[in-house]
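Participant: sequence first, then the predicted structure:
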Amino acid sequence: MKIILPVEKEQENTDICQSLGRTPYFMLYDTNTESSEFFQNPASNSPSGAGIEAAQAIVDSGANTLLTPRCGNNAYSVLKKTGIAVFRTIPGPAISNIHAFLEGDLSELDTIHEGRHHGEN
Amino acid sequence: MRDVITERTKMKIAVLSGKGGTGKTMLSVNLAAVATPSTYVDCDVEEPNGYLFFKPEDVRPEIVSVLVPSADPNICNGCKECVRFCKFHALAHSGEHLIVFEDVCHSCGGCSLICPLNAITEHPRTVGVVESGRSGEVTIHTGRMNVGEAAGLPIIRKLMKKISESGQERIFIDCPPGSSCTVMESIRDAEFCVLVSEPTIFGTHNLEMIVELVRTFDKPFGVILNKRLDGEKDPSEEYCHRNCLPILGKIPFDHELGILNSEGKIASRENGRFFQMFKDIYDHITECVSI
C-alpha cells in the first residue's frame, strides 16, 4: 500500500503543507518497504487548475491513500473517480501521521472546500 | 471633420468605473436616451440591470455557448497527451476515464487536435444568453451569464459581435465594474472611454486603476464626477486636476435624480433638467471624440 501526503520538505519529519494544490513536495510512503520517497509537485506554481494537476500527479504516483489537511472540489473529484481514499491529517510531522493512519487513528476527510480559483479569462 | 463625426457616424463609447455603484448604468442609460437613435449594450453580464430602465420590447434571446471536449472511452487509451497539453489543467485521467472540468476549460480546442487517436470531440455548452430588444429609438442588447458560470468573456464577445454588425449609430457600452478581463474585452473596440467616479477616497483609488487600464489600451478618455455634493471636497476631482485629466461633466448628488433612478425610470426622459444635463455631457463627449 502506498500513502501520499503534501509536505513542506523532503524529509520524513517534515511539516505537512496546508495546501494540496500548491504544496512544494509530495511524500510517498510504501508500507511494504516502510520507506519514503519524495517528488516535486508540478502544480506548485501553476497559474490555474493547480488542484487538478496535483491530483493527476497523485494518481500517477500509484498512491492508494492521501492524507491531507484540506482538499478542493476539483482535486477531490479526480481522486474519488480514481478510487483514492482521502483522510484528514492531525497536527504533527508527516511520519507521525503515517503511523496514526496505520493505527486507524485518522478519519476520512468529509469537508471539501470550493477551491480558490484564479481569476477568469 | 468634426461635423462628419457629430453626424451619424458609428461611435462606440464605453462607460466604466473601478468600483461598483458609481453610476455607470445610470450614465450610460441616460446617454443612450439623449443620443437617439442609439444602442445600449449591457456588458455587466453577472448582473445586468440596464434593461430595468429601458424595459425593452420585442426581446429576442440568442443562446451563447462555448465548445468543451469529451473523450470516447472506447477509443481513448489513456496516453494523457491532452492532459499534459492543457495549460489550464481542465483535464485529468483517472487511469480509466478522461475527466473534463468544463468550468476550467477555455475552449481552445487544443486537446482535440493533439489527441493521437482522435478520441476527443467538442460539443457546445450553454453559458448564457444575449437578449436584444427596443425601447423607442434605443436598441438594447443585454448579456446575461448563467448562474454558476465563472467566465463572462464569451457573452461579451457575442455582444461585441452584435454591435460590430449593427448600422451606424451611437453605441454606449455599459461595462462590468472593476478592471478585469471582462472590462478589457468591453472597451477593446471603443473609440472613447468615459470613466465614472464618486467623491470618496475609495472611488478615487479605483479611478486611478482604470485610468491606468485605459492608458494601457491607448484609449482616449474623460472623467465624469458623479454624486457631487455642494461645498464638499471631491478627491476624484483633485486627482483629475493633479494629473491634468479631462473632466467631461459633473453630476450632482441630487435627490430627484436618485428617486427617479431607484424607481427604474430614465431621468432624462422624465425631466427636462436632466435631459439637458445628460445632453451637455453627451455633446462634450462628441467634442472630445472629434478632436
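Facilitator: That came through, no problem.
Participant: point out the residues in chain A that sit beside chain B.
Facilitator: A:43, A:46-50, A:52-53, A:55-56, A:59, A:74, A:77-78, A:81-82, A:117, A:119-121 (CB under 8 Å from any CB of the partner chain). Where C-beta positions appear, they are placed from N, C-alpha and C, glycine not excepted.
Participant: quick one: stretch B:214-230 near chain A?
Facilitator: No - contact of stretch B:214-230 with chain A (CB under 8 Å from any CB) is absent, the minimum separation being 15.4 Å.
Participant: endpoints of that stretch, how far apart?
Facilitator: Its first and final residues considered, stretch B:214-230 spans 29 Å by CA to CA, to the nearest Å.
Participant: contacting residues around it?
Facilitator: With CB atoms under 8 Å, 6 or more residues apart in numbering or on different chains as the test, stretch B:214-230 has contacts from B:14, B:16, B:22-23, B:26-27, B:184, B:187-188, B:190-199, B:207, B:211, B:234, B:236-237, B:240, B:245-253, B:281, B:284-285, B:288-289.
Participant: any of these buried? List them.
Facilitator: B:14, B:16, B:22-23, B:26-27, B:184, B:187, B:190, B:192-199, B:207, B:211, B:234, B:236-237, B:240, B:245, B:248-251, B:281, B:284-285, B:288-289 (16 or more other CB atoms under 10 Å in any protein chain shown).
Participant: follow-up on the earlier one: just the ones of the contacts of stretch B:214-230 in helices?
Facilitator: Using DSSP state H, B:26-27, B:184, B:187, B:207, B:211, B:236-237, B:240, B:281, B:284-285, B:288-289 are the members of these that sit in helices.
Participant: which of those sits closest to residue A:16?
Facilitator: residue B:184 (39.6 Å; CB to CB).
Participant: from chain A, how far off is the closest one?
Facilitator: 9 Å (CB to the nearest CB, to the nearest Å).
Participant: for the single longest helix found in chain A, packing partners?
Facilitator: If you go by DSSP H, chain A has its longest helix at helix A:50-61. Packing partners of helix A:50-61 (3 or more CB pairs under 8 Å, 6 or more residues apart in numbering or on different chains; DSSP states H and E): strand A:2-7, strand A:25-30, helix A:73-82, strand B:91-93.
Participant: partner strands of the helix or strand just after that helix and their direction?
Facilitator: Following helix A:50-61 in sequence order, the next helix or strand is strand A:65-68 (DSSP states H and E). Strand A:65-68 sits in its sheet next to strand A:2-7 (parallel), strand A:85-88 (parallel), going by DSSP bridges.
Participant: relative to strand A:25-30, how tilted is the longest one?
Facilitator: Following axes from the mean of the first three to the mean of the last three CA atoms, to 10 degrees, one obtains 160 degrees for the angle between strand A:2-7 and strand A:25-30.
Participant: give the buried residues for strand A:2-7.
Facilitator: A:3, A:4, A:5, A:6, A:7.
Participant: nearest to residue B:133 among those?
Facilitator: residue A:6 (52.1 Å).
Participant: quick one: low-confidence ranges for chain A?
Facilitator: Across chain A, residues meeting the criterion (pLDDT under 70) sit at A:115-121.
Participant: can you tell me the residue of it closest to chain B?
Facilitator: When scored by CB to the nearest CB, chain A has residue A:49 as its residue closest to chain B, at 2.6 Å.
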